[in-house]
Structure formats: C-alpha cells, structure tokens
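Asks: Okay, predicted coordinates and the sequence, questions at the end:
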Amino acid sequence: MTARSSAEAPRGVPEATVARLPLYLRALTTLADAGTATCSSEDLAAAAGVNSAMLRKDLSHLGSYGTRGVGYDVDHLRYEIAREIGLTTDRNVVVVGLGNLGQALANYAGFRSRGFRVVALLDADPRMVGSTVAGLEVRDVAELERVVAELDVAIGVVATPATAAQEVADRLVGAGVAAILNFAPTVLTVPEGVEVRKVDLSTELQILAFHEQRRSGEYLPTDPPGSSVSPAVLAGGEEVR
Ligand SMILES: NC(=O)c1ccc[n+]([C@@H]2O[C@H](COP(=O)([O-])OP(=O)(O)OC[C@H]3O[C@@H](n4cnc5c(N)ncnc54)[C@H](O)[C@@H]3O)[C@@H](O)[C@H]2O)c1
C-alpha cells in the first residue's frame with residue numbers, strides 16, 4: 001500500500017491547491033456571470049489574485065489543462081472545481097408555466113452545469129400537457145404536490161402569468177418547496193423560511209436605459225416637472241422628492 005503524504009488531499013491534489021480552489025471558483029463565477037465563456041490562465045489568475053504559473057499547476061492536478069489558443073471553458077472548469085470541492089449536489093427544479101419563457105428556461109443547458117436539474121415541467125393548459133419540452137413530458141399542474149414529493153424538488157420556478165403566480169407559489173410551499181424563483185411580474189407572499197428571488201428583466205432594461213441616457217446627455221435635470229418620467233422612476237426605484 002502506498003502511503004499518502006499528509007499534505008495531499010484524496011486523489012493526489014495537494015492541500016495548498018485545495019485551499020486555492022475556492023478562489024478560482026469565485027473568480028470563475030464572476031466571469032460566468034459577466035457572460036464570459038472562455039478565459040486565459042492569465043485572466044483567471046489575475047481575477048483570483050494568484051500568479052498564472054501557480055494556477056496552471058493547480059488546475060493540472062484536476063486534469064484541466066485548457067485548450068491552447070482558447071484557454072479554459074469557464075462553465076466546465078467551474079463544474080470541475082465545484083466537484084472537487086464537493087459542491088455538486090444537484091438540486092432538482094420544477095418549472096411551472098411552459099409558455100415562451102418557461103420553455104426557454106427548460107431548454108437552458110447552463111442550469112445543468114451549475115448543479116440545477118430541471119426534473120419536471122407543469123402547465124395548466126390541456127394543449128401543453130402531454131407535450132415534450134427539453135426531453136421532459138409536460139405534466140398537469142394538478143399533479144404539482146405529487147411531482148414535488150416524487151422527484152424531491154428543491155426549487156420551483158414560476159413562469160406563469162402574474163394572476164396564477166401566488167396560487168402556484170402557495171402550492172409549491174405547501175408541498176415543501178422552500179426556494180422559489182419568480183419570473184411573474186407580481187410580488188409573492190410566502191411564509192418565513194421560504195426564499196423567493198424575483199427576476200425582472202424589464203427593470204434591468206430600465207436601469208440600463210437610465211444609465212445610457214445619462215451617458216448620452218439626453219437627461220436634462222432642468223426639464224420642467226411633468227415633462228418626462230424621472231430617472232428614478234425609469235430606474236425602477238422610488239422617486240425621492
Ligand atoms: N421576469 C422577466 O424578466 C420576464 C420576462 C418575460 C416574461 N415574464 C413573465 O413570465 C411569465 C410567463 O411569460 P410567457 O411569455 O412565457 O407567458 P405565456 O403566456 O407564453 O406562458 C404562460 C404559461 O403559463 C401557463 N399557466 C397559466 N396558468 C397556470 C397555472 N395556474 N399553473 C401552471 N401553468 C399555468 C399557461 O398555460 C402558459 O403555458 C409572465 O408572467 C410574464 O409576464 C417575465
């Protein structure tokens with residue numbers, strides 16, 4: 001039997017490398033959130049605050065060498081590091097509401113590489129129920145409680161019209177789902193202990209429009225009251241008077 005050095009983690013990754021993996025993971029997450037698909041070892045090293053030779057050596061312990069001239073695939077490397085650290089427990093996700101948005105979300109391959117597995121799709125429209133989206137059969141929302149229990153769903157994605165969202169959220173919570181990602185343009189009320197994240201692309205666009213207007217000099221602070229919507233309102237915030 002070969003003795004393993006006390007300075008080595010299982011599978012021959014040195015402890016010093018293991019200690020730096022969270023730095024790489026955080027840097028990669030920042031790059032991924034900014035829409036970066038590939039990065040050089042220099043860029044990644046700079047983002048993580050280490051030198052690039054050390055980074056390349058560390059990643060070689062994981063079997064990741066990058067591609068010459070292209071660099072590292074950000075999503076793939078994140079997955080590999082997360083797996084090495086043990087952060088890859090997948091969470092099962094149900095998407096409720098399979099219209100334009102729900103179908104796009106169900107088809108988004110990026111969830112998988114980030115540890116989120118879309119395991120069920122639910123809709124109320126009999127024309128949708130029974131159809132296949134992203135390789136999964138769309139089931140009747142009437143089955144929500146059974147689906148959540150059977151498939152050990154941890155996160156519910158609400159992509160229904162606003163009018164249906166609260167009822168869907170109530171049922172998800174009642175079935176034991178404690179994390180909801182809400183795309184419907186409504187504020188959900190949930191009990192304490194349930195986490196709701198709301199995604200609102202139009203607010204983001206409004207904020208961009210606000211900054212863009214400022215940059216282009218269109219906004220004139222001296223505009224008479226009522227002549228245009230204020231930047232604060234455009235930015236989706238409270239207007240302070
Ligand atoms: N957050 C954002 O940035 C953003 C962007 C686009 C759309 N939206 C919102 O997302 C939601 C979906 O948008 P869309 O364009 O896909 O709409 P859509 O009308 O194409 O799809 C809605 C789907 O929900 C289903 N549905 C209705 N009631 C239901 C219920 N009780 N249970 C299960 N399914 C039900 C419908 O049958 C339909 O398939 C809307 O509320 C929309 O305003 C948000």
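Replies: That came in fine, so what should we check first? Quantities reported herein were computed from a predicted structural model and do not represent experimental measurements.
Asks: how about low-confidence regions in this protein?
Replies: Counting by pLDDT under 70, the ranges of the chain that qualify are 1-11, 86-88, 113-114, 218-241.
Asks: so where do the strands sit in it?
Replies: Along the chain, the segments classed as strands by DSSP state E run 8-9, 13-14, 38-39, 72-73, 91-96, 116-123, 132-133, 136-140, 153-158, 179-182, 195-198.
Asks: Serialize those strands to TSV and add fields for distance to residue 81 and mean neighbour count.
Replies: (Glycine included, C-beta is placed from N, CA and C.) Converted to TSV, those look like this (distance: least, Cβ to Cβ, whole Å; neighbours: other Cβ atoms under 10 Å):
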stretch	distance to residue 81	mean neighbour count
strand 8-9	13	16
strand 13-14	11	15
strand 38-39	13	19
strand 72-73	10	22
strand 91-96	18	23
strand 116-123	17	22
strand 132-133	31	14
strand 136-140	29	17
strand 153-158	22	24
strand 179-182	23	20
strand 195-198	24	14
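Asks: Dump the ones you listed into CSV; add distance to the ligand as well.
Replies: Below are these laid out as CSV (distance: least, Cβ to the nearest ligand atom, whole Å):
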stretch, distance to the ligand
strand 8-9, 41
strand 13-14, 40
strand 38-39, 27
strand 72-73, 27
strand 91-96, 5
strand 116-123, 4
strand 132-133, 10
strand 136-140, 9
strand 153-158, 8
strand 179-182, 8
strand 195-198, 7
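Asks: will you turn those into TSV that also has distance to residue 32?
Replies: Shown next, in TSV, are the strands of the chain (distance: least, Cβ to Cβ, whole Å):
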stretch	distance to residue 32
strand 8-9	25
strand 13-14	23
strand 38-39	10
strand 72-73	10
strand 91-96	17
strand 116-123	14
strand 132-133	25
strand 136-140	25
strand 153-158	19
strand 179-182	17
strand 195-198	17
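Asks: Identify the residue nearest residue 158 in space, chain neighbours excluded?
Replies: The shortest distance from residue 158 to any residue other than its chain neighbours is 4.7 Å, reached at residue 182 (Cβ to Cβ, 6 or more residues apart in numbering).
Asks: how close does the one you found get to residue 122?
Replies: Residue 182 sits 15 Å away from residue 122, going by Cβ to Cβ, to the nearest Å.
Asks: beta partners of residue 122?
Replies: Residues in a beta bridge with residue 122, per DSSP bridges, are residue 96, residue 139.
Asks: What residues does this protein have near the ligand?
Replies: Taking Cβ under 6 Å from any ligand atom as the contact definition, the chain meets the ligand at 96-102, 122-125, 128, 141, 159-162, 164, 168, 183-185, 199-201.
Asks: The residues you listed, buried ones only, as a ChimeraX selection?
Replies: Burial among these is assessed by 16 or more other Cβ atoms under 10 Å; the matching ChimeraX selection reads:
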select :96,97,98,101,102,122,123,124,128,141,159,160,164,168,183,184
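Asks: Could you count how many residues lie near residue 33?
Replies: Close neighbours of residue 33, defined as other Cβ atoms under 10 Å, add up to 9.
Asks: Spatially nearest residue to the residue nearest the centre of the chain (excluding sequence neighbours)?
Replies: With distances taken as Cα atoms, centre = their mean, residue 111 lies nearest the centre of the chain, 6.8 Å away. Distances taken as Cβ to Cβ, 6+ apart put residue 118 closest to residue 111, at 6.2 Å, once the chain neighbours are dropped.
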